[in-house]
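> Got a sequence here, can you model it:
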Amino acid sequence: MWNCYKRDDVFLCRHESHGRFDHRVSAYHVLVEKRCYPDGCIAFAWKCKRMHKGEGCPKGYRHVGSNCTQCRFYDEEKIQRRPALLLDQAQFADFLEACRCFDEWLEEVRQRPLELGGEVTDIRPHLVRRVDGRRSSLTLRGYLARLQPGYIGLRGLEDPIYLEVSRAQQERHRLAPGDRVEAEAWVRLDRGRLVGVRSRRLHVAERNGGESSGWDQALLDREGAVVLPDQPERCLRCPRGVLVDVEEMASCRGQLVPRTRRRQLLCLEGIGRPQECPFEAFRELSGQPLERGCVGCSRDAKPGMAESLETRRRMPR
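Here you go, the predicted structure:
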């Protein structure tokens, strides 16, 4: 079975925020998160009549913002966008039927903890950034293992399954890429991806003999991580590029709760400018395929090639 919500060949959205993805968006973003098909979405572009004429702001502002809405020179433009459908009507009908079947299956499996497992293709620190006004913190919540191929209950899945692994579980089992694992967990749909949370009874069915990462390395990764301005394809495929959830916090009844959620790409090597990453040079020197990552990304790199954390911090970001 395929996770239909991860498909990015169904809709095309011309919103400027999707430009870095060639305007291809996931089905989950359109159908579940924004619910903007077929009616579209409405946005308002803030404008200033004086700035439009090349004149200055009476209050000294350089950009139009929320403080300008009561000004007599304030203006706004209503913009309506609709995602374009890339499938014909017959294909789209089949896609909607697949989504309906997937939703029914998901509603059934999320009622109780189920056995899931598969081959670990990657395991990385599970990082979450919380933003509260001008304050921001990067929290380490254990690890996130990527399983493919995998299964949930009696159903095999072609798309990746993600499994949350606690610090204690990783220290006990030392999971590494290539291992085959089994666990019991609650299944959740997290922004289109299937994630096993609150896992228990985790055990390794088959060892691959690969090197596992420890907690000290995860802490170093958190300290050295920097935000990448966009989401370059090669950084998404690099073992040292990691997508993290960003939670915009807001106060509700005296408590901070997540208001909005989005994803952000971090480089665990501390290289904030992809064009300065010695990716291609390392690939040529090591003879490794593109997906193995950049200098310091591969644990199989020759001694001396990986930079220390202190050196990476001194690099321009």
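> element containing Ile42?
strand 41-48 (DSSP states H and E).
> and that strand, which strands flank it?
When pairing is defined by DSSP bridges, strand 41-48 lines up against strand 74-81 (antiparallel).
> Could you list the buried residues of stretch 12-19?
Leu12, Cys13, His18 (16 or more other C-beta atoms under 10 Å). Glycine gets a C-beta too; all of them are placed from N, C-alpha and C.
> Please name the nearest non-neighbouring residue to the first one.
It refers to Leu12. What sits nearest to Leu12 in space, not counting adjacent residues and going by C-beta to C-beta, 6 or more residues apart in numbering, is Ala84, at 4.3 Å.
> tell me how far stretch 32-50 is from the chain's mean position?
23 Å (C-alpha atoms, centre = their mean, to the nearest Å).
> Give me the distance between Leu265 and Pro160.
For Leu265, the distance to Pro160 (C-beta to C-beta, to the nearest Å) stands at 17 Å.
> Please read the previous query as pertaining to Gly224.
Counting by C-beta to C-beta - Gly224 and Pro160 are separated by 26 Å.
> Those two - which one has more neighbours?
More crowded of Gly224 and Pro160, by other C-beta atoms under 10 Å: Gly224, with 21 against 18.
> quick one: pLDDT of the closest residue in space to the more buried one that isn't next to it in sequence?
Nearest residue to Gly224, sequence neighbours excluded (C-beta to C-beta, 6+ apart): Gly270, at 4.2 Å. For Gly270, the model assigns a pLDDT of 85.
> ok, now the one 10 residues further on?
Taken from the predicted model, the pLDDT recorded for Glu280 is 54.
> What of Arg299?
Confidence at Arg299, expressed as pLDDT, is 35.
> In contact with Arg7, which residues are there?
For Arg7, the contact set (C-beta atoms under 8 Å, 6 or more residues apart in numbering) comprises Ser26, Ala27, Phe95.
> and those residues as a markdown table, adding distance to Lys34?
Formatted as a markdown table, these follow (distance: C-beta to C-beta, whole Å):
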| residue | distance to Lys34 |
| --- | --- |
| Ser26 | 11 |
| Ala27 | 11 |
| Phe95 | 17 |
